[in-house]
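# Build me a model:
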Amino acid sequence: MAVVIFKIYYPIYLLPSVLYVGDACYKHVQRWMLAFADSGWNVSVITRRTYELDPDFLKSRNIRQYVIPRPPGSQLTYGLLSMVFPLYFRNVVQEVKPDLIHVHSILYAMISAFSEFHPKVVTIWGYHHIMRSWAVKRWLERRSLKAADVITVNSPSLAKKISEIYDILPEKIVFLFWGVDLNTFKRGYEVEAEKMRKALDLDWADTIFLSPRATTPHYNIDVIVKAFANLAESREAALIILKGTGKREYFDEIVGLAKKFGVYPRVRVIDRFLSEKEMAVIFNLCDAFISIPNTDQIAFTVVEGMACGSVPIISDLPDYDGIIDHGVNGFRVMPRDINSLTKVMELVARDKSLRRDIAAKNMEFVKEFADRERNLKRMYELYETLLCEGKI
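Below you'll find the predicted structure:
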């Protein structure tokens, strides 16, 4: 019996072994390791305490989990103790004996900085992980990235920045991220969207805006409510706010803000988690979505909304350079700029033709660069290439 992973045939008892190094509960890490476990690879993960996954869940997927102490918050203490963490890493590598290691985030890359193990893939998620650093930490970052065989990033601009900051050859950096399930996140769902419109009592709304991120201060939901209240012609505009993982106190504060500005009758709040299909339906219902965190990476939520044809209004952050161009396939505003957000919302509300043009551009973009099945295949092929080059 043999298992085929594209070009290579492996006897069932010689399936490749991959060790993931990262926060196991983090979706970016979790999705990759579950995908490879489901494909038959032998998967292990090393993670920090409080970031681990339920052992019973992992056991059901045949994934082994190793937990190391969580680094303390103090930068100075972290700098001193981080030198101990490679010992945990080395011991796990010796026990697992993986064929390949895939490290997620610059923090975990530093933990593996002194390892001579190859092949090693390092994935960097977002600018906020690399833009601020002190001297010793920057040295560790550079050492760990130079020791990687391949570095993957989730935006072309991030690839360029990593090359500049760490003096890494551009050909060593690959633009590749998880992507979205285009079987779920797509244009359509007319019947389901109409049912949701009626359930939310939005038959009167000509333009519907969505706040799809968690209701926390980081995502500046208060700015969204204030901009919505400032719309000059807003009687036929509605705003839907998703609570997500937001704390009740801030959620209640946002509701109070909507009441204070007199727009609460046109605001709908949803305080339960939505399934992936429900998220696809609500993106199809809404004409535009607003995601304006203080820092970000290419969020799944943003790409999912783009795939469904909803117009993205996002923070003007470098993470989205080359992904969303202002006025072309979406809009970018500074996270706390209420006036600019108001003007963009007014434009989106009155120009239906622009909304259609942006929707068409984004759906094509997502098909080309963010198709989950295609990107999973690309990661398989990347792993294959490293294994075939004999770096084990």
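# Okay, domains of the chain per the record?
The chain resolves into domains spanning 2-179+371-388, 190-369 when parsed by automatic domain parsing.
# Without its sequence neighbours, what residue ends up closest to the residue most central in space within the chain?
With distances taken as C-alpha atoms, centre = their mean, Ala299 lies nearest the centre of the chain, 3.6 Å away. Using C-beta to C-beta, 6 or more residues apart in numbering and skipping the chain neighbours, the partner closest in space to Ala299 is Ser291 (6.6 Å). C-beta: built from backbone N, CA, C; applies to glycine.
# How about the contacts made by that neighbour?
Ser211, Pro212, Arg213, Tyr219, Ala299, Thr301, Val302, Gly305, Pro312, Ile313, Ile314, Ser315 (C-beta atoms under 8 Å, 6 or more residues apart in numbering).
# what's the closest non-adjacent residue to the fourth one?
The spatial neighbour of Tyr219 that comes closest, neighbours along the chain excluded (C-beta to C-beta, 6+ apart), is Arg213 at 4.3 Å.
# so the one you found makes contact with Asn220?
No - the pair Arg213 and Asn220 fails to qualify as a contact (C-beta atoms under 8 Å) at a distance of 9.2 Å.
# sec struct for Gly309, please.
With DSSP: H, G, I helix; E, B strand; the rest coil as the basis, Gly309 sits in coil.
# and it, how far is that from Ala113?
Distance check for Gly309 against Ala113: by C-beta to C-beta, to the nearest Å, it reads 43 Å.
# what helix or strand is the closest residue to Arg336 other than its chain neighbours on?
In space, and not counting its chain neighbours, Arg336 is closest to Val223: 5.8 Å by C-beta to C-beta, 6+ apart. If you go by DSSP states H and E, Val223 is part of helix 221-230.
# Who are the packing partners of the helix or strand that that helix is followed by?
Sequence order places strand 237-242 as the next helix or strand after helix 221-230, per DSSP H and E. With contacts taken as 3 or more C-beta pairs under 8 Å, 6 or more residues apart in numbering; DSSP states H and E, strand 237-242 sits against strand 207-211, helix 221-230, strand 267-270.
# Direction-wise, compare strand 237-242 with strand 207-211 and give the angle.
Counting by axes from the mean of the first three to the mean of the last three C-alpha atoms, to 10 degrees, strand 237-242 lies at 20 degrees to strand 207-211.
# How about the contacts made by Met379?
With C-beta under 8 Å, 6+ apart, Met379 has these contacts: Trp32, Thr152, Leu176.
# Strands along the stretch 101-250 of the chain, start to end?
Assigned by DSSP state E, counting those that start in this stretch, the stretch 101-250 of the chain shows strands spanning 120-124, 150-153, 173-175, 207-211, 237-242.
# Pipe the ones you listed into TSV and attach mean pLDDT per row.
Shown next, in TSV, are the strands of the stretch 101-250 of the chain (pLDDT from 0 to 100):
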stretch	mean pLDDT
strand 120-124	94
strand 150-153	94
strand 173-175	93
strand 207-211	98
strand 237-242	96
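# Between these, which one is closest to Pro98.
strand 120-124 (9.8 Å; C-beta to C-beta).
# What are the contacting residues of that closest one?
28, 100-106, 109, 112, 130, 144-145, 147-153, 158, 162, 382-383, 386.
# Give me the sheet partners of that strand and which way each runs.
Using DSSP bridges, the strands paired with strand 120-124 are strand 100-104 (parallel), strand 150-153 (parallel).
# I'd assumed Val43 was in a helix, is it?
No - under three-state DSSP, Val43 sits outside any helix and is assigned strand.
# hang on, it packs against Ile63?
Yes - counting by C-beta under 8 Å, Ile63 is a contact partner of Val43 at 4.8 Å.
# Asp371 versus Asp206, what's the distance?
Distance of Asp206 to Asp371, computed by C-beta to C-beta: 32 Å.
# same thing with Val103?
Relative to Asp371, and taking C-beta to C-beta, Val103 is found at 25 Å.
# excluding its backbone neighbours, what's nearest Phe114?
Pro86 (5.1 Å).
# ok, back up a step: looking at the strands paired with strand 120-124, which is buried most?
Greatest average neighbour count among those goes to strand 100-104 (a mean of 27), per mean count of other C-beta atoms under 10 Å.
# Turn the helices and strands packed on strand 237-242 into TSV, columns for distance to Phe57 and mean neighbour count.
Converted to TSV, those look like this (distance: least, C-beta to C-beta, whole Å; neighbours: other C-beta atoms under 10 Å):
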stretch	distance to Phe57	mean neighbour count
strand 207-211	30	25
helix 221-230	31	22
strand 267-270	27	18
